[in-house]
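> just to be clear, the model below is a prediction. Sequence and coordinates:
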Amino acid sequence: MAAIHQILFNAHIMYSLALGVWAAVIAARRDQISGHYWGAILTYAILAAVILLVGVFMLFSGMQPRSGRIVVYLLYMLWLAIIMPGLFSLLKGRDDRSAALAFALLGLFNFSTSLSMIERELVGPWIAV
């Protein structure tokens, strides 16, 4: 299960980077955000929620990240699961250049946050307690 968690989290990292770059390109072209991007945001949120559920399942199975900071792990994963749809809600569905810039910054911030989680061993390796 830990291997599945790590694979999904790696996919999440790459997806965060892709969303950030995609939104930056949209902003640079002065285009509007399309429905394809909104679908990608939904996919991002679902992926983060699945990673969180796998992590919670492993916690209930008696495993934890080697760092032992379970609460920090849960808070970060909750952030990653709700922030992109939350930004959409805060922007009230705007699809202009400034909204694209906001999504670009958030995507790149989430990318760096996820890399930081790996560096601080919040997402693994998982050990039995």
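Good, I have the coordinates.
> for residue 17, grab the count of nearby residues.
Residues near residue 17, counting by other CB atoms under 10 Å, number 17. For glycine as for every other residue, the C-beta is placed from the backbone atoms N, C-alpha and C.
> what's the helix or strand for the closest residue to it other than its chain neighbours?
Nearest residue to residue 17, sequence neighbours excluded (CB to CB, 6 or more residues apart in numbering): residue 111, at 4.5 Å. For residue 111, the host element (DSSP states H and E) is helix 97-119.
> quick one, strands of this protein?
63-65, 126-128 (DSSP state E).
> just name the most buried of the ones you listed.
Comparing these on average neighbours per residue, with mean count of other CB atoms under 10 Å, the densest one is strand 63-65 at a mean of 19.
> who touches it?
Residues outside strand 63-65 that contact it (CB atoms under 8 Å, 6 or more residues apart in numbering) are 1-2, 58, 70, 73, 121-129.
> report the buried members of those.
2, 58, 73, 122-124, 126 (16 or more other CB atoms under 10 Å).
> wait, which of those is closest to residue 21?
Set against residue 21, the nearest of those by CB to CB is residue 123 (22.4 Å).
> tell me the contacts of that closest one?
By CB under 8 Å, 6+ apart, the contact list for residue 123 reads 5-6, 9, 55, 65, 73, 117.
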